[in-house]
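*Asks:* Predicted model and sequence below, questions to follow.
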There are 4 protein chains.
Amino acid sequence: MSETLSAESALARDGAARIEWVRRHSPVLDGYVRDAVNDGALRGTRIAVVVHLEAKTAFLATVLADAGAEVIAAGSNPRTTDASVVAALRERGMTVVADAGGDYGSWERELRAAADCEPDYIIDDGAELTMRTAEHRPDVFARLKGVSEETTTGTARLQAMSAAGRLPFPALTANDARCKHLFDNRYATGQTTLQAILRLTNRQIAGARVAVVGYGYVGKGLALYAKALGARTFVTEVDPVRALEAHTDGHTVGARRDVFPQAQIIITATGGMRAIGAADLPHLAHDVILANAGHHDLEVDTEALAAAAASAAESRPGITSYRIGERDLHVLAGGALVNIAGGSGHPVEVMDLTFAVQGLGVHHLASTSLDPGVHILPKALDDSIAAAKLASYGIRLDELRTDQLDDHTARMAGTADGGSPA
Amino acid sequence: MSETLSAESALARDGAARIEWVRRHSPVLDGYVRDAVNDGALRGTRIAVVVHLEAKTAFLATVLADAGAEVIAAGSNPRTTDASVVAALRERGMTVVADAGGDYGSWERELRAAADCEPDYIIDDGAELTMRTAEHRPDVFARLKGVSEETTTGTARLQAMSAAGRLPFPALTANDARCKHLFDNRYATGQTTLQAILRLTNRQIAGARVAVVGYGYVGKGLALYAKALGARTFVTEVDPVRALEAHTDGHTVGARRDVFPQAQIIITATGGMRAIGAADLPHLAHDVILANAGHHDLEVDTEALAAAAASAAESRPGITSYRIGERDLHVLAGGALVNIAGGSGHPVEVMDLTFAVQGLGVHHLASTSLDPGVHILPKALDDSIAAAKLASYGIRLDELRTDQLDDHTARMAGTADGGSPA
Amino acid sequence: MSETLSAESALARDGAARIEWVRRHSPVLDGYVRDAVNDGALRGTRIAVVVHLEAKTAFLATVLADAGAEVIAAGSNPRTTDASVVAALRERGMTVVADAGGDYGSWERELRAAADCEPDYIIDDGAELTMRTAEHRPDVFARLKGVSEETTTGTARLQAMSAAGRLPFPALTANDARCKHLFDNRYATGQTTLQAILRLTNRQIAGARVAVVGYGYVGKGLALYAKALGARTFVTEVDPVRALEAHTDGHTVGARRDVFPQAQIIITATGGMRAIGAADLPHLAHDVILANAGHHDLEVDTEALAAAAASAAESRPGITSYRIGERDLHVLAGGALVNIAGGSGHPVEVMDLTFAVQGLGVHHLASTSLDPGVHILPKALDDSIAAAKLASYGIRLDELRTDQLDDHTARMAGTADGGSPA
Amino acid sequence: MSETLSAESALARDGAARIEWVRRHSPVLDGYVRDAVNDGALRGTRIAVVVHLEAKTAFLATVLADAGAEVIAAGSNPRTTDASVVAALRERGMTVVADAGGDYGSWERELRAAADCEPDYIIDDGAELTMRTAEHRPDVFARLKGVSEETTTGTARLQAMSAAGRLPFPALTANDARCKHLFDNRYATGQTTLQAILRLTNRQIAGARVAVVGYGYVGKGLALYAKALGARTFVTEVDPVRALEAHTDGHTVGARRDVFPQAQIIITATGGMRAIGAADLPHLAHDVILANAGHHDLEVDTEALAAAAASAAESRPGITSYRIGERDLHVLAGGALVNIAGGSGHPVEVMDLTFAVQGLGVHHLASTSLDPGVHILPKALDDSIAAAKLASYGIRLDELRTDQLDDHTARMAGTADGGSPA
């Protein structure tokens, strides 16, 4: 039994080291945010943190706990929970309703268990816990004081609830903070998705034909980095202005049926469903790699692939190869977010920003009396995060002087006192 | 006298060739826009076009005239009027109140002459004619039916007028159209500003230390292209989120006093005034090149330079060198927009978009009854321009299918019928 | 016991799948080279293949075995042997003198065992087996028919032996083939080294200050890709022309004492020793990451670090953190080649080229009678590899027509018949 | 008459200002080279400088004259002579056998006049004066003490002469100096060729499909910069390894008939003839731009175009448009080097390197007794130029320490004393 204990304790030590590595590279969370949220507003509140449960999330949970909150840590995906981190958080006395190695069934149970903990606030990812609380524990849902939501998808869900008159508390859309989507969606997803694809496949990016589905911030980051590494890049996108932007950024743009037959690697980044579905299968080239960087496990429609395939097999760890006619189509990480399921998620530096948005967001919810509905983080808070990050790098900024403003603008406004010219 | 005539006629032939070159590369203006504005709405209206008067502007004027408008062409800057284009437009019977080789004095007179033509609509640049009409011809100002404004600066001026209750007609801010600022400000200014700087100085960009002041769309384009060509790039910016974006884009970020001493080339792109002013002079390195890509001739404060300098001389055509102490500071194109005063302005392909916004904008003003105040171009029109451009390239797009939308979002909204879960 | 057998057999199945994945993406080896070496020249020869023993190497070994050679597979580094691949090769009846999980001691024994197999030819990496054969089995060394060497370092060693009159057989320097160093050293090392660094550290590359030590092909690839991903790049290099090239490529260049204090990540790529040594320690910044992409485990002088450090600990898997005064210095993969020890080595597509050079090289040694000494692969063979690769992509090339040659050059040569003009 | 004089003198003042601008940005020529060549070796020698006669060339001529040489300045192309620079050099008393505004006929006469000046040394471009001296003045040719040649093309011509036994003096191939081709061919031609194309056409590079013919250093620079600016790049190349390099650099590679139909801009960079010739015309797209960045006016075969065209006209200054069937093909600068004929040639910083090679080259010829034949500049001199350039930027370099050399290499060589292991 002491052996078991010491295995658990070794695991916890491992997790603690990982969390410490995160702290080391999270100057905003560990400095500015830690100070800001430590004013008593969070003391005694109960906060459910529902994000991929690994070291970066654990550090956010720690900062909130250090500010006096009772933190319930859950995972936002059954495959991304890190056992060492769970052990470390439990050793620190935190409530953790997640276990590594689970499946969608156990994850559903964990989310319900999180709702049963009766949180006041939720830091959510895809509104997963918010939706389940509404269904499983309408009483807890009715008493919720606020939600801070991470993703575009989750925001759409919350807005739908609000439009339908079903959101009785304020929700902050972290994704709309500039300090989140400008950095997390674009640079972080771009870097780590390509890393994961290249690691899983042992392929070369230079010279490869890479197609990106969707040219929002995520797609932009993916295409930018793929091109920078020497890929020949293709973009397919339904919004014509974004499509023209992709064209002007040097990518080859077209409809899916024009782009897919040329692609050796296709990455989905639409935030919707069936970005690659049954209708697209005839257009895919032999030996194409399919990977998902959007929100849903459903962007690559693996059910459609399975239905069409004569066989499916694991070619390499993390690669499922479907045989359709004479072609092999290779899906990475089962269609899950490849940078998380097939890698270790976003870089620490970026999550320092994203989690600063979440930490300040939940503190803002607890410190003010926002009306029910969907809100964005105040610009001043958003700006303050960037300023803290820059300061941590030793970067100084100027302030705008009034004599640098356009004087015609001032004159046009000012002469109003003198009467209308008309 | 026949000699003079034939010189004039040779000039007009030259101008006509330049306009034809523009037409050849303006598929949106020459196709989609030409068709759209030709429905009678512009017939008999009087439109003043106040943009740098060269071949691209002339083609816009032609399209409007072909749609039945009476066009008055003026210049938006005394130095950028092309004599051959003026001759060609006059030969086509258009009213042109601009002449090449003028100065700020003659330009003021020309703008007043344009106001005296009593336009119904103005396609303006920096609100220059709008402001002067308000002051010089309040009667005409009062009868104005609408303005379509090109720039950020002009928009700020119109908004100041509107806020002061001094805007009795609707104004469209072309700059806010995605088909304008995403392409014109970023890619076009970036490309042509660097072209002009390198041409005027005969310098190498690779390895050079280039600083950009302001990281809006113009600054982003400048820094992107400079870095792409091998420059080591510096950015100074007062907005912390933009500054952090610049950092993450790989530029070295800092306050002006940190960045300027390292720069060999400094380009202003703030849209304000005194981006480089008296206070900055001590921080500038010997032999630095100063160029302006923002709106105002006043971003590089040449008066402050002249006041501080022991002498000033033209080192090469387009380069004024100020001697300050032991240092030489070189200002390009007298601080005017370097890509226009020291080059030939934006690429045809981009002005095809920008002028499509202007052309559809004035047609929209003439076809609808907008309230007085500042408006943006309807998204559908904005999108239609990008779609026409893509079609001209032979690029097809998909349409979003409803089964590609997130079904949770649909469910969240839909269950509202079933009553609140609380 | 049947359980052990089936574990072994599962392992072999796994290895076979990995080798099949390689075959799938190795059109040159699996097509052109396979055909070329299958002419009987290798039948009955004994070839020792001493390269990192994972799936790509295994496929080369398979191609040679299929051509009739008796292949002895050894590893070129104790840490990079893949157990599943060893199992698969053994199941195919190949002699494998390597085991996963060994150390430098066992590796030495394995190399001596490889020498004891009395090979005719060696495909070597760093001349490791060649040197050991000279020392351990001079009799076998004397009978060696040829060596094909992979690296710059190994080539230098062979040239030193040749210059000293100690090379009694022909050696081919695969590294000098354009199809090797232009692709393997530059693109492959660049891509996979950054991948490994980012994976091990969970850090962001955009905005980071990355220094590269040495600006040969390896350093060029590293700096190129780091910059492309948004890093601010620094280069230190002793050759002034290469240093000026780095400057013109947009990197910040300087002596080690100028560059190191600014770097957050330092990557060594010199091919020599002590690229970061005792003398450099005072110049390293707190929290710097040190990684090696050159040949030697000795480029990062971990002994010097250990001697200077108050303590050393594993911060994350693959990261050893040395505490020196108030600073933490983090060494990746113990200073071994980070892309191999901390990743899965070069991309398949690139090894398809490199191993084509090796496969054709050993076949060339077996088919011709080269003099003892160091040789390069004939240009025609080198070219034929690139041509085969392009053909596998469906890319066609033109041939130069004689009427495209400069006619003055022809005239200058031709008129020689007419006598000297002097 | 005084008016004429003063016009000439104003012109000379203008030229002097241009030369001073060059001096200001030529730290190597104005410092290290000036000192090195000023040891008396050039005193009294007669040097013909045959390079595009504008300010940068004039500054080289000045440095040589200041070292005591009698300099004869000629142009290497009839269209690139700058009248103001000619005036300035004449005012300084230099022999100038070139005039602005000439044609190929006058240029031939000027080169013969240069030969008649009986130079001891020629700094040549394309071996143009060397060839003409051989034909026009064999007596002078026989007494020539040396030639320093700028280009690949000229080097090929000199090597042909040497191989034919027709080169009675030593020739240095400046182009083979790393300080020349690594910088001049690649970065300088890349930058200035694109600048010139964009200026002449007023087109946008972002999103454009640009094809480069030939992937030597010139083609590499062109494709690199075009891609960096957002072009989609195509390369056609006869050498398979270079073609594969282009592919891996992210360009789309193919035969001319595959690449040309997709290109909107085609740039030739082969150093040969008829890179675009009669056989290619059927493959060119309507409205394609053809520009030349190689050596010969003959890379774009304008005769073939004229023969096939129904008409030809000037669409814009510097653009000749050929009508062939339903297509218009636009040739820039008549097929001459577009960066020189349509721009102002290479950046000052790069010519500081190239002319340092030429200046040190002619000094090396005058200081040593090289055998007749084609030589390259000694590596030490080549390196010293880069070192001087870096020093002018304030960049320091380390020197390689002996303990940084691979000790196995040392051991392999050293043990030779112990006898052969065989």
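*Replies:* Received, thanks.
*Asks:* okay, CA-based contacts and neighbour counts for the rest of this
*Replies:* Noted.
*Asks:* Return the residues of the stretch 1-150 of chain A in contact with chain B.
*Replies:* Contact residues, the stretch 1-150 of chain A versus chain B (Cα under 8 Å from any Cα of the partner chain): A:Ala134, A:Glu135, A:Pro138, A:Asp139, A:Phe141, A:Ala142.
*Asks:* ok so the fifth one is a helix residue?
*Replies:* Just to be clear, that refers to A:Phe141. Yes - according to DSSP: H, G, I helix; E, B strand; the rest coil, A:Phe141 belongs to a helix.
*Asks:* so it touches A:Ala134, yeah?
*Replies:* Yes - with contact defined as Cα atoms under 8 Å, A:Phe141 reaches A:Ala134; the gap is 5.3 Å.
*Asks:* who's more crowded, these two?
*Replies:* Neighbour tally, A:Phe141 and A:Ala134, criterion other Cα atoms under 10 Å in any protein chain shown: the higher count belongs to A:Phe141, 25 against 20.
*Asks:* Is chain C within reach of stretch A:351-363?
*Replies:* No - judged by Cα under 8 Å from any Cα, stretch A:351-363 and chain C are separated, with a smallest distance of 10.1 Å.
*Asks:* Could you confirm whether that stretch reaches chain B?
*Replies:* No - using Cα under 8 Å from any Cα, stretch A:351-363 stays clear of chain B, with a minimum separation of 10.7 Å.
*Asks:* can I assume A:Arg199 sits in a helix?
*Replies:* Yes - assessed by three-state DSSP, A:Arg199 belongs to a helix.
*Asks:* ok, it to chain B distance?
*Replies:* For A:Arg199, the distance to chain B equals 24 Å [Cα to the nearest Cα, to the nearest Å].
*Asks:* can I assume that residue is in contact with C:Ser344?
*Replies:* Yes - in this structure, A:Arg199 is within contact of C:Ser344 by Cα under 8 Å, at 7.4 Å.
*Asks:* ok, the residue of the stretch 51-200 of chain A found nearest chain C - how many residues close by?
*Replies:* Using Cα to the nearest Cα, A:Gln195 is the residue of the stretch 51-200 of chain A that sits closest to chain C, at 5.8 Å. Neighbour count for A:Gln195, taken as other Cα under 10 Å: 23.
*Asks:* measure it to chain D for me?
*Replies:* 18 Å.
*Asks:* the inter-axis angle of the host helix or strand of that residue versus helix C:189-201?
*Replies:* Using DSSP states H and E, A:Gln195 maps to helix A:189-201. Using axes from the mean of the first three to the mean of the last three Cα atoms, to 10 degrees, the inter-axis angle of helix A:189-201 relative to helix C:189-201 is 100 degrees.
*Asks:* Now the element after helix A:189-201, going C-ward?
*Replies:* strand A:209-213.
*Asks:* What is that next one packed up against?
*Replies:* helix A:217-228, strand A:232-236, strand A:265-268 (3 or more Cα pairs under 8 Å, 6 or more residues apart in numbering or on different chains; DSSP states H and E).
*Asks:* Help me see whether the second one makes contact with chain C, please.
*Replies:* No - contact between strand A:232-236 and chain C is absent, the nearest approach being 13.6 Å (criterion: Cα under 8 Å from any Cα).
*Asks:* just the shortest one next, same as before
*Replies:* No - contact of strand A:265-268 with chain C (Cα under 8 Å from any Cα) is absent, the minimum separation being 13.5 Å.
*Asks:* Give me the sheet partners of that strand and which way each runs.
*Replies:* Strand pairing for strand A:265-268, determined by DSSP bridges: strand A:209-213 (parallel), strand A:289-292 (parallel).
*Asks:* Up against chain D, what does chain A have?
*Replies:* A:206-208, A:227, A:230-232, A:247-252.
*Asks:* Against chain B, which of the residues you listed make the cut? List them.
*Replies:* Among those, chain B is touched by A:Thr248 when using Cα under 8 Å from any Cα.
*Asks:* could the residues of chain A next to chain D go into TSV alongside pLDDT and neighbour count?
*Replies:* Output for these, formatted as TSV (pLDDT from 0 to 100; neighbours: other Cα atoms under 10 Å in any protein chain shown):
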residue	pLDDT	neighbour count
A:Ala206	96	24
A:Gly207	96	23
A:Ala208	97	21
A:Lys227	97	28
A:Gly230	96	23
A:Ala231	97	25
A:Arg232	97	28
A:His247	98	24
A:Thr248	97	23
A:Asp249	96	22
A:Gly250	96	29
A:His251	98	27
A:Thr252	97	20
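*Asks:* Which of the residues of chain A next to chain D sits closest to B:Trp21?
*Replies:* Nearest to B:Trp21 out of these is A:Thr248 (Cα to Cα; 21.2 Å).
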